[in-house]
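*Asks:* Sequence isn't available, so here's the structure alone:
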Ligand code: PLP
């Protein structure tokens with residue numbers, strides 16, 4: 001008899017985005033002439049940088065000639081891309097990362113979701129609340145939690161991000177083994193200072209724990225004093241894995257390219273306390289289960305590091321940050337407290353009412369879609385997330401409508 005992995009039965013239905021879609025389509029059916037502006041889901045809207053498109057075309061042409069055709073590439077990614085990443089994203093900022101420590105993949109979602117399988121199922125996990133849902137659900141699937149009770153999975157240490165702690169979770173006052181951190185944060189838009197990140201790294205070192213640092217929104221940081229990578233912090237090489245993505249940096253959500261950095265000095269332990277290289281384990285997993293990102297996609301990603309690619313990429317980011325600025329200013333002017341929107345494309349707004357009520361109010365009175373914070377965890381209740389991914393014209397229109405709706 002074929003049996004299922006019963007841990008899947010503990011999972012809560014992916015309620016958030018399906019419930020949003022349901023409410024939006026019901027409203028649209030009743031108001032067919034109303035133009036709805038979507039500032040909900042975190043997907044980019046602007047076209048790919050020209051430099052990426054040109055590199056993509058050239059690579060496709062190479063695939064059409066026998067002399068330049070390529071089949072399977074290295075599972076870990078082509079060296080031409082790994083070298084550009086190591087020097088452009090890390091060495092240039094004083095972070096000692098070499099190409100061999102970079103694994104190219106088709107998304108940070110897959111990597112942040114898959115990485116847990118190289119660790120024991122009986123480790124103690126610390127996960128922020130609110131949180132990007134993939135970290136939590138993949139651990140539930142693997143059997144690292146108990147049942148879902150009172151809005152939380154048993155056995156997981158939830159690290160609360162609240163207004164009181166500036167949306168930076170406090171360091172746990174008990175030992176944990178695997179810690180998920182995400183900065184700039186989705187959904188709160190909060191960033192972390194170098195000193196605070198150093199405290200996390202020190203905590204991980206003291207506890208022989210490992211930090212999984214999701215930096216998918218790193219390119220939105222304008223404040224030069226903030227660390228862009230955890231490896232800018234002393235000692236992080238031994239206790240941290242970093243995830244990055246071209247999705248938001250260069251508009252690759254539909255192209256799919258990301259990477260994970262696993263330093264060779266990063267160690268984890270077996271039941272006898274014996275050290276093992278996390279790099280070797282991930283390399284084994286990646287080589288066994290993944291066959292590499294396509295050559296044209298990696299060529300397009302490489303172009304992000306060219307002079308034109310850099311200029312076009314930062315133009316994209318500046319465009320979204322201008323939207324974020326406007327949202328933050330307008331929301332603040334309306335008397336709401338918010339975080340994010342400065343070094344992040346997300347604005348986390350304290351609605352002073354139930355998340356879903358605020359969502360419904362914006363949908364029905366303003367025709368604007370946001371994301372109810374409660375969908376990201378218990379600490380998200382009372383908040384909404386507004387995303388800056390849309391055209392400036394639409395954002396302007398959305399904010400004018402919200403102003404009118406809340407005034408009326
Ligand atoms: N990590 C965070 C925090 C995200 O918000 C997202 C996407 O929204 C991802 C990872 C996934 O990125 P990718 O498109 O590379 O899978």
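*Replies:* Received, thanks. Every value quoted in this text rests on a predicted model; they were computed, and no experiment measured them.

*Asks:* Can you report how many residues neighbour residue 376?
*Replies:* By the other CB atoms under 10 Å criterion, the neighbourhood of residue 376 contains 26 residues. C-beta here means a position set from N, CA and C on the backbone, and glycine is covered the same way.

*Asks:* residues in contact with it?
*Replies:* For residue 376, the contact set (CB atoms under 8 Å, 6 or more residues apart in numbering) comprises 16, 129, 130, 131, 132, 133, 187, 385.

*Asks:* Same question for residue 360.
*Replies:* Contacts of residue 360 by CB under 8 Å, 6+ apart are residue 23.

*Asks:* Just give me the least confident of the contacts of residue 376.
*Replies:* Least confident entry in the contacts of residue 376, by pLDDT: residue 16, with 82.

*Asks:* List of residues touching stretch 71-83?
*Replies:* Stretch 71-83 is contacted from outside by 99-100, 102-105, 259, 283, 286-287, 290-293, 295, 298, 301-302, using CB under 8 Å, 6+ apart.

*Asks:* can we see that at 10 Å?
*Replies:* 63, 70, 84-86, 97-105, 257, 259-260, 282-283, 286-295, 297-305 (CB atoms under 10 Å, 6 or more residues apart in numbering).

*Asks:* Buried subset of the residues you listed, written for PyMOL?
*Replies:* With 16 or more other CB atoms under 10 Å as the criterion, this PyMOL line picks the buried residues out of these:
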select buried, resi 84+85+86+97+99+101+102+103+104+105+257+259+260+282+283+286+290+292+293+294+295+297+298+299+300+301+302+303+304+305
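
*Asks:* Which of the contacts of stretch 71-83 fall within strands?
*Replies:* Of those, the ones assigned to strands by DSSP state E are 102, 103, 104, 105, 259, 260.

*Asks:* Give me the distance between the fourth one and residue 142.
*Replies:* So that's residue 105. According to CB to CB, to the nearest Å, residue 105 and residue 142 sit 19 Å apart.

*Asks:* okay, now whichever residue of the stretch 251-400 of the chain sits closest to the ligand: neighbour count?
*Replies:* Nearest residue of the stretch 251-400 of the chain to the ligand, counting by CB to the nearest ligand atom: residue 258, 4.0 Å away. When counting by other CB under 10 Å, one arrives at 24 neighbours for residue 258.

*Asks:* again with the one 3 residues further on
*Replies:* Neighbourhood size, residue 261 [other CB under 10 Å]: 27.

*Asks:* Model confidence for it, exactly?
*Replies:* The model's pLDDT for residue 261 equals 98.

*Asks:* Tell me who's in contact with it.
*Replies:* Residues touching residue 261, when contacts are defined by CB under 10 Å, 6+ apart, comprise 85-86, 89-90, 95, 97-98, 101-103, 213, 215, 229-231, 237, 240-244, 279.

*Asks:* Residue 358 reaches residue 364, doesn't it?
*Replies:* No: under the criterion of CB atoms under 10 Å, residue 358 lies out of contact with residue 364, with a separation of 11.2 Å.

*Asks:* Comparing the two, which shows the higher neighbour count?
*Replies:* Higher neighbour count among residue 358 and residue 364: residue 358, with 22 against 15, using other CB under 10 Å.

*Asks:* how much space between that one and residue 290?
*Replies:* Applying CB to CB, the value for residue 358 to residue 290 is 41 Å.

*Asks:* Can you name the next helix or strand after whichever strand or helix holds residue 317?
*Replies:* Using DSSP states H and E, residue 317 sits in helix 307-333. As assigned by DSSP H and E, the chain's next helix or strand after helix 307-333 is strand 337-340.

*Asks:* still on that earlier bit, residues contacting the nearest residue to the residue of the stretch 251-400 of the chain closest to the ligand once chain neighbours are set aside?
*Replies:* Among residues not flanking residue 258 along the chain, residue 245 sits closest, at 3.8 Å (CB to CB, 6 or more residues apart in numbering). If you count contacts by CB under 10 Å, 6+ apart, residue 245 has them with 105-109, 111-112, 214-219, 252-253, 256-260.

*Asks:* got it, and residue 278?
*Replies:* Counting by CB under 10 Å, 6+ apart, residue 278 makes contact with 115, 118-119, 210, 238-241, 262-268.

*Asks:* And the buried ones among these, selectable in PyMOL?
*Replies:* Those of the contacts of residue 278 that count as buried under 16+ other CB under 10 Å are selected in PyMOL with:
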select buried, resi 115+118+119+210+239+240+241+262+263+266+267+268
